[in-house]
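1. Here's my sequence, what's the structure:
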Amino acid sequence: MDRLRDRTALVTGGGNGIGRAIALRLAQEGAAVLVTDVQDDAGEKVAGEIRDGGGRAVFVHHDVTDEHSWSAAVDRAAAEFGGLDVLVNNAGIGDLGAIEDTTLEDYERTISVDQTGVFLGMRAAADLLKASGHGSVINISSIFGASGGFGTSPAYHAAKGAVRTLTKNVALAWARAGVRVNSIHPGFIDTPMLDQARGTEFETAMLDVTPMGRLGRPEEIAAAAAFLAGDDASFVTGAELYVDGGYIAR
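-> Below you'll find the predicted structure:
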């Protein structure tokens, strides 16, 4: 596994769950990785794991809702590793509430992290990605970006749906600039984000509506990201890659 040698990746929300798995996998593929998160201890630990394994990584505290924080993160990638080839917009938060119980503050917070953060990231990284010659953006959307789910979590659905179409918009805008932009749509993945659902009717429902009958593993999302990041996906842009155990095929 050496598909990303001499390339640099920035992975948001890289301290836990899917982001951690992606950061580790891209490093295994040879990339230098800028791990970013608001959870400093977790992010530093992941960067340390990569270095301990012989890879190159640094951690940067990074709030994806803040454009100045984005500028600092992108500048750090350039300073540390000489550029940026792969941007993984993974950072996200979720909720389980019904629309009647969702406050405007909660709604706007989810939109800010899950949707606006993706916009800010692509805008901030645009110049470096175009200069790369083989730039790749991987936006982590969701099965709930293309379906109504259980009729709960309206802010999460709205944000992830926006990420799905924003991905296609920027893919078209950057197609001739040598930058590919794709979205990954995870199903129900066994990460800390699902902790609030464990032991509830939601956990049972997640398994019931997944044809393969199990939760996915973060490493399975990371494998998809590694494919999209490298030259094996050189003719893939504006695509939706579902890693969902068959959920969207129902």
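2. Need the distance between the two termini of stretch 234-250.
-> Distance between the two ends of stretch 234-250: 29 Å, counting by C-alpha to C-alpha, to the nearest Å.
3. Give me the buried positions along it.
-> Judged by neighbour count using 16 or more other C-beta atoms under 10 Å, the buried positions of stretch 234-250 are Thr237, Gly238, Ala239, Glu240, Leu241, Tyr242, Val243, Asp244, Gly245, Tyr247. Yep, even glycine has a C-beta here, placed from its N, CA and C like the rest.
4. Now do that stretch: distance to the chain's middle.
-> Stretch 234-250 has its average C-alpha position 14 Å from the chain's average C-alpha position, going by C-alpha atoms, centre = their mean, to the nearest Å.
5. one step back: what is the most widely separated pair among the buried residues of stretch 234-250?
-> Thr237 and Gly245 (25.2 Å; C-beta to C-beta).
6. Tell me where this protein has strands.
-> Using DSSP state E, the strands found in the chain span residues 8-12, 32-37, 57-61, 86-89, 135-140, 179-186, 240-243.
7. These: which one's closest to Phe119?
-> With C-beta to C-beta as the criterion, Phe119 lies closest to strand 86-89 of the strands of the chain, at 9.1 Å.
8. distance of Arg7 from Leu166?
-> Using C-beta to C-beta, to the nearest Å, one gets 24 Å for the distance from Arg7 to Leu166.
9. And those two? Which one has more around it.
-> Neighbours were tallied for Arg7 and for Leu166 using other C-beta atoms under 10 Å; the higher tally belongs to Arg7 (24 against 19).
10. so that one touches Ala31, yeah?
-> Yes - here Arg7 lies in contact with Ala31, judged by C-beta atoms under 8 Å, at a distance of 5.0 Å.
11. Which neighbours do the two have in common?
-> When contacts are counted by C-beta atoms under 8 Å, 6 or more residues apart in numbering, Arg7 and Ala31 have Asp85, Val86, Ala229 as shared neighbours.
12. neighbours around Lys45, how many?
-> For Lys45, the neighbour count with other C-beta under 10 Å is 15.
13. residues in contact with Leu34?
-> Leu34 makes contact with 8-11, 57-60, 73, 76-77, 80-81, according to C-beta under 8 Å, 6+ apart.
14. Of these, which is the nearest to Gly213?
-> Set against Gly213, the nearest of these by C-beta to C-beta is Val11 (29.6 Å).
15. Mind listing the residues bridging to the closest one?
-> Under the criterion DSSP bridges, Val11 forms beta bridges with Val35, Val88.
16. Any figure for the gap between it and Thr167?
-> Between Val11 and Thr167 the computed distance is 17 Å (C-beta to C-beta).
17. between the two, which one's more packed in?
-> Val11 (35 against 26).
18. Could you pull up the residues touching that one?
-> With contacts defined as C-beta under 8 Å, 6+ apart, Val11 is in contact with Gly19, Ile22, Ala23, Leu26, Val33, Leu34, Val35, Thr36, Val88, Asn90.
19. Turn those into TSV, columns for distance to Glu44 and pLDDT.
-> TSV is the format used below for the contacts of Val11 (distance: C-beta to C-beta, whole Å; pLDDT from 0 to 100):
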residue	distance to Glu44	pLDDT
Gly19	14	98
Ile22	17	98
Ala23	12	98
Leu26	17	98
Val33	13	98
Leu34	13	98
Val35	8	98
Thr36	11	98
Val88	18	99
Asn90	17	98
